[in-house]
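In: Fold the following.
(chains A and B)
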Amino acid sequence: MSLILAVAKNRLMNLRRDRAAFVLAFVLPVAFFTIFASIFAGSGRAQTRRIALAVVDEDGSDTSRRFVAGLRAEAGLSVGLKPGDENGTGPFYTASSAEQAVRRGDVPVALVIPKGFGERPMAFGPGAEPATLQILADTADPIAPQVLNGILQKVAMTSLPAAMARSGMAELDRWSGGLTPGQKARMESAIGEIDRAPATSAPTAREPGRSGLVAVETKDVLGQTKQNPTVTFYAAGLGVMFLLFSAAGAGGALIEEAESGTLDRILATRVSMTPLLLGKLVYLAGVGVAQLTLMFVWGAALFGLELWTHLPGFVVMTLATALACSAFGLMLASVCHSRMQLVALSNLAILLMSALGGSLYPRFLMSEKLQKVGLATLNAWALDGFQKIFWRDQPVWTVWPQVAVLVGLGIVFFLIARRVAERWEAA
Amino acid sequence: MADAALPLEVRGLSKSFGERLALDGVDLSLAPGEILGLLGPNGAGKTTLVRSVAGRVTPDRGSVRVLGFNAADGRARSVRGWVPQEIALYSLLSPRENLWTFGRYQGLSGEPLEAGIRSSLDWIGLADRANDKTDKLSGGMKRRLNIAAGTIHGPKVLLLDEPTVGVDPQSRERIYAMIGELKARGVSLVYTTHYMEEAERLCDRVAIIDHGKIIASGTKEELVRRTVGAGQAVLVETIGPIPASLAAKLSGRGAAVDGSRVRLSVEDPADEIRTLLELFHAGHVPVRDLVLKAPTLEQVFLQLTGRELRE
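Out: Model prediction:
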């Protein structure tokens, strides 16, 4: 028994000295619990995700304006009638510009209130034919159109009580054999009182049997022709994450060379540090390009990912992503003093970046705050670029911000690696 | 490269790491085709000196010139080879791939590179293992490959840092033969070792470094003459204790007597040993053992540094 305890104590003494193992055992799990809890559960009401909604009011009636005011009062929506934020400037959205905004990914969903909505806002009774609201949706975010549909029904009840009452009165008039002029006048007066009441956000609980008051049709403006909408996301998301892992792992060869004395030997030859690091960068980027290509070709072969019709965009994004990931791996390897340290640091950094950057869980489903934080990761920029090309069918030139950021990050990471690697140069 | 330039010329080389003075005004030179043994206890400054010559340490003061070029200069890299003490090879690559790598890093390409790989593999006797993984080779094979990786570009000056550490006697002989071949090709070598017999056998000249300074240099004979003298040592062990009367006579001849052991330095062994044996015979003291020893570098090293080489 005492020998067993001696063995256990020996391991404990080792753990105390091995900071990398300590980080892997205790810091990493707690860090990830915190990150994932923030992403999936939210860390408070202020973090709750609001759905950005572009609204096109083609009707322009009092009823449609009350309806829009009702939508604006909803905490779960961020309503914009013009591009930009809720108080955007410029021309009002049209059905066409709103659809473009959805295509570009500016908003996940848009609502078109058609002409005649004020006349026939809702279905009330058999045979009624209300004007149909149209939701223009980006089904990359499958939740937004469903949530919006529910909110539309709720807002119809809470912000258009007068319209509902008028519809009810018309039905009563039709099926009861006719109301007297006095009855109609008194009811109209009461409805007028309802009309003058301000639009409010009502309790969120849905009342069974009251849904489906307004007619809604959803148009998938992006995914209608896509065979498998989630494949693009996972090909890019997981591809970038594993690119980072393999770049960090392969960059670790630098540490092994330093430990074995090979690096010393190389630096005594005609190869100096800058060409050495550049050579490693070229290799890592080449492997990265091959990895992403394999991932997407596999996705095309098995899951119908539309690689061949998006080839130029794929090439541009793959080159930029591979460069940035490779330089990142090289930087990590340069700052670490041992393989174990590299494993601990790269696991922490890459899983953190992948979680926040959307490789593991789409960023558009995160809170606005976390979405902004995610922009600090190269995963987010790479995924945004791939989504533009493959999901939004955007032309290649539109990914210039993503490419610029990735290439810029790649250069910065490489310069840091070069600076840190000075410690291996002549003493 | 100047025609008159020496293969290696170190002048006033000093280097500190923090508070520690690793090299303190080292002067050293290497003649064409010469093998210079660099000896010193651990921590004496050998490694810093070798790394300075390899261009891996920037001097605080002084200069290191390899065939007239500054050690850090690109031209010095081309004419200099360095075989580090570690097996600094890619263990997953084959001998051929390792040689290709270091040949390319030294600027070889095309047919010269291929020819260099072929001749190196033949030279180290690994032509039949050229495509095996290096980590599958024996310790001696790896050592030979380590040397070939530092010589594939045909350097004129070669630094060999303990190239026989951890190898069996047979492999060591093979490495000695390789070093002899390098010398025959006209390569000038700096050879650091912990094995005194290697230095005696291989080196034309020896430099002893201690506390960051070269404390002695010259041929073995010169060092012996200057430090322990030209005399040979006679060691005698008797069967019983030496009586006081005999001990007094021996001491009178300059011998050190310790119980049943006697140590004496002699200039004319044949004459002086005969006289010594007559004294023992006359005193009726039987002799168990008698040894005549020529002075060694080990004695020189001990005399100069006060330490064994392996300390």
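In: Give me the spatial nearest neighbour of the residue in the stretch 101-250 of chain A positioned nearest to chain B, chain neighbours excluded.
Out: Of all residues in the stretch 101-250 of chain A, A:Ala250 sits closest to chain B, at 12.9 Å by CB to the nearest CB. (C-beta placed from N, C-alpha, C; glycine too.) Among residues not flanking A:Ala250 along the chain, A:Leu284 sits closest, at 5.6 Å (CB to CB, 6 or more residues apart in numbering or on different chains).
In: Ok, B:Val57 next?
Out: Closest to B:Val57 by CB to CB, 6+ apart is B:Arg51, at 4.4 Å.
In: Using the three-state scheme, assign the one you found.
Out: helix (DSSP: H, G, I helix; E, B strand; the rest coil).
In: Next, find the distance separating A:Arg265 from A:Leu53.
Out: Separation of A:Arg265 from A:Leu53 (CB to CB, to the nearest Å): 63 Å.
In: Repeat that for A:Asp59.
Out: A:Asp59 is 17 Å from A:Leu53, where distance means CB to CB.
In: same thing with B:Leu113?
Out: B:Leu113 sits 66 Å away from A:Leu53, going by CB to CB.
In: Between the two, which is the more surrounded one?
Out: Between B:Leu113 and A:Leu53, A:Leu53 has the larger neighbour count (other CB atoms under 10 Å in any protein chain shown), namely 26 against 18.
In: Show the low-confidence segments of the chain, by residue range.
Out: No chain specified, so I'll use chain A. For chain A, applying pLDDT under 70 flags the ranges A:38-49, A:84-89, A:123-128, A:161-177, A:179, A:187, A:189-212, A:223-229.
In: my bad, chain B
Out: B:1-3, B:228, B:303, B:306-311.
In: again, only using 50
Out: Flagging of chain B using pLDDT under 50 yields the residue ranges B:1-2.
In: List, one by one, the residues from it near chain A.
Out: Proximity of chain B to chain A (CB under 8 Å from any CB of the partner chain) is limited to residues B:17, B:51, B:54-58, B:72, B:74, B:77-78, B:80, B:82, B:84-90, B:102, B:105-107, B:149-150.
In: Take those residues and keep only those in strands.
Out: Among the residues of chain B next to chain A, the ones falling in strands (DSSP state E) are B:17, B:80, B:82.
In: isn't A:Val373 right up against A:Ala355?
Out: No - taking contacts as CB atoms under 8 Å, A:Val373 lies outside contact range of A:Ala355: 10.5 Å.
In: Looking at the two, which is more packed in?
Out: A:Ala355 (24 against 16).
In: Please give me every residue in contact with that one.
Out: Under the criterion of CB atoms under 8 Å, 6 or more residues apart in numbering or on different chains, the contact list for A:Ala355 reads A:32, A:35-36, A:39, A:361.
In: so which of those residues comes closest to chain B?
Out: Distances from chain B to those, taken as CB to the nearest CB, are shortest for A:Phe32 (32.9 Å).
In: Find the nearest non-adjacent residue to the closest one, please.
Out: Nearest non-adjacent residue to A:Phe32, counting by CB to CB, 6+ apart: A:Leu351, 6.3 Å away.
In: B:Tyr195 too?
Out: Spatial nearest neighbour of B:Tyr195, excluding adjacent residues (CB to CB, 6+ apart): B:Thr164 at 6.8 Å.
In: Give the phi and psi angles for that neighbour, as a check.
Out: In terms of degrees, to the nearest 10, the main-chain angles of B:Thr164 are phi -110, psi 10.
In: Equivalent analysis for B:Ala207, please.
Out: According to degrees, to the nearest 10, B:Ala207 has phi -120, psi 130.
In: what do you get for B:Ser29?
Out: Dihedral angles for B:Ser29 - degrees, to the nearest 10 - are phi -140, psi 160.
In: cool, and B:Ile215?
Out: Torsion angles, degrees, to the nearest 10, at B:Ile215: phi -100, psi -20.
In: what about it, distance to chain A?
Out: B:Ile215 sits 24 Å away from chain A, going by CB to the nearest CB, to the nearest Å.
In: which ones are touching that residue?
Out: B:Ile215 neighbours (CB under 8 Å, 6+ apart): B:208-209, B:304-305.
In: Please enumerate the strands of the stretch 201-311 of chain B.
Out: Here the stretch 201-311 of chain B has its strands, by DSSP state E, counting those that start in this stretch, at B:205-210, B:213-218, B:232-238, B:256-258, B:261-266, B:287-293.
In: Near chain B, which residues of the stretch 301-427 of chain A are found?
Out: Contact residues, the stretch 301-427 of chain A versus chain B (CB under 8 Å from any CB): A:426-427.
In: of the contacts of B:Ile215, closest to chain A?
Out: Of all the contacts of B:Ile215, chain A sits closest to B:Ile209, with 18.2 Å by CB to the nearest CB.
In: Having no further points to raise, I will conclude here.
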